[in-house]
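[1] Below: sequence and its predicted model.
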Amino acid sequence: MSESQVKPPLPYSARDVVLPGDASCHGCPIPIALKVLSAVFGEKMILVIPACCTSVIVGTYPGQSLKASIIHVPFASAAAVASGVAQALKMRGISDVQVVAWAGDGGTADIGMATVSGAAERNEDIFYIMYDNEAYMNTGIQRSSSTPRGAWTTTTPILGKGENKKDVAKVLIAHNVPYVATASIGYPHDLYSKLQRAKNIHGFKYIQIHAPCPTGWRFDPKYTVKIAKLAVETGFWILYEYYNGKLIISGPSRPLLDSSKRKPIEEYLKLQGRFRTITPEIINSINEYIESNWSWIKKLM
């Protein structure tokens with residue numbers, strides 16, 4: 001059986017949209033995620049990008065590294081601008097272009113949270129995609145509310161952040177929007193499937209992509225995908241979808257409902273310099289955090 005019979009051809013070639021040469025760091029996860037996005041929507045998308053690493057990576061017209069329409073906006077306004085663009089397209093009868101707000105955790109979980117919540121409450125017909133590298137990487141690795149407990153940043157104490165990361169996906173589920181999902185650059189086929197499914201849903205769609213950052217997390221760039229997979233394999237990052245009022249665990253995370261199938265969290269932490277000063281007490285609290293998240297998952301299944 002030929003490969004074309006096993007897997008249907010992609011509607012678009014990411015190589016036609018994501019051009020060679022950009023300003024990303026070695027091992028950056030963002031181009032990986034953008035290639036998956038481009039494989040789904042091709043040039044038929046308008047990206048609304050607030051201040052973040054992606055602003056630098058894609059560059060500005062006419063030298064941008066993506067063959068797609070891009071609107072660069074202030075930190076807090078991505079969801080609001082995307083909402084306006086979507087309404088303008090609707091008024092003009094244009095239905096074959098997808099509006100995507102593409103932002104980091106700083107522009108989503110922190111500075112942009114108000115406009116995200118507003119767009120979700122109005123059920124605007126947009127995608128909101130948060131690539132989660134767990135700190136303000138573009139401005140010097142400062143702590144965000146999505147930084148996990150025990151992780152070092154340039155604005156945390158020597159022992160790292162003292163609080164667990166804000167769960168933005170849960171916040172959006174509480175808004176009762178049509179579609180919420182988590183994804184990982186370590187599992188691009190899972191992300192691809194979620195984008196394909198969600199693009200046929202009218203209303204607000206939110207996807208949070210776990211995106212390990214070699215520069216900010218202090219690891220060798222060759223380990224980006226390995227660390228992304230370990231986050232899932234240890235149960236720290238759970239892959240799921242929530243739509244039609246139901247939660248469905250994605251394939252890579254499904255076996256991990258059995259806690260004995262999860263790898264020890266230490267395997268994930270030890271590869272990252274940002275956890276260099278972590279204590280056994282904080283590791284225990286991270287394990288408790290993992291268990292509480294899985295308990296929440298099981299209640300909604």
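    Here it is on my side, so go on. Residues are numbered from 1 along each chain as shown.
[2] Enumerate every residue touching K205.
    126-128, 177-180, 198-199 (CB atoms under 8 Å, 6 or more residues apart in numbering). C-beta coordinates here come from the backbone N, C-alpha and C atoms, glycine included.
[3] nearest to I278, of those?
    The nearest member of these to I278, counting by CB to CB, is V180 at 29.9 Å.
[4] I'd guessed the closest one sits against A169; true?
    Yes - between V180 and A169 there is a contact at 5.5 Å, judged by CB atoms under 8 Å.
[5] Check which element follows the helix or strand that G216 is a member of along the chain.
    Counting by DSSP states H and E, the element that carries G216 is helix 214-217. Next in sequence after helix 214-217, counting helices and strands by DSSP H and E, comes helix 224-233.
[6] Please list only the buried members of the contacts of K205.
    Buried subset of those (neighbour count, 16 or more other CB atoms under 10 Å): 126-128, 177-180, 198.
[7] Just the ones of those residues in strands?
    Counting by DSSP state E, those place 127-128, 179-180 in strands.
[8] want to throw those residues into a markdown table with distance to G21?
    A markdown table is the format used below for these (distance: CB to CB, whole Å):
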| residue | distance to G21 |
| --- | --- |
| F127 | 26 |
| Y128 | 28 |
| Y179 | 34 |
| V180 | 34 |
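[9] closest to R254 among those?
    Ranked by distance to R254 (CB to CB), these are led by V180 at 17.8 Å.
[10] okay, the nearest residue to that closest one once chain neighbours are set aside: pLDDT?
    The spatially closest residue to V180, leaving aside those adjacent along the chain, is Y242, at 4.4 Å (CB to CB, 6 or more residues apart in numbering). For Y242, the pLDDT comes out at 98.
[11] Ok, G93 next?
    For G93, the predicted pLDDT is 98.
[12] what's the answer for A183, then?
    pLDDT, A183: 98.
[13] isn't it right up against H189?
    No - between A183 and H189 there is no contact, the gap being 10.3 Å when judged by CB under 8 Å.
[14] Looking at those two now, which is surrounded by more residues?
    Between A183 and H189, counted using other CB atoms under 10 Å, the more crowded position is A183 (28 against 11).
[15] Name the residues contacting each of V180 and A169.
    With CB under 8 Å, 6+ apart as the test, V180 and A169 both reach 206, 242.
[16] would a markdown table of the buried ones among the contacts of K205 with distance to G107 be doable?
    Listed next are the buried ones among the contacts of K205 as a markdown table, based on distance: CB to CB, whole Å:
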| residue | distance to G107 |
| --- | --- |
| I126 | 15 |
| F127 | 15 |
| Y128 | 11 |
| V177 | 18 |
| P178 | 22 |
| Y179 | 20 |
| V180 | 18 |
| A198 | 20 |
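[17] Out of those, give me the two with the largest separation.
    I126 and V180 (13.5 Å).
[18] element containing A76, please.
    Counting by DSSP H and E, there is no helix or strand that carries A76.
[19] Can you check the pLDDT for it?
    A76 is assigned a pLDDT of 96 by the prediction.
[20] Just confirm it contacts T115, I think it does.
    Yes - A76 is within contact range of T115, at 6.0 Å (criterion: CB under 8 Å).
[21] Where do the strands of the stretch 201-301 of the chain begin and end?
    Using DSSP state E, counting those that start in this stretch, the strands found in the stretch 201-301 of the chain span residues 205-210, 240-243, 246-249.
[22] Reformat those strands as CSV; add distance to T153.
    Listed next are the strands of the stretch 201-301 of the chain as CSV, based on distance: least, CB to CB, whole Å:
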stretch, distance to T153
strand 205-210, 17
strand 240-243, 27
strand 246-249, 30
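[23] Quick one: residues contacting K161.
    K161 makes contacts with 143, 147-151, 153, as judged by CB under 8 Å, 6+ apart.
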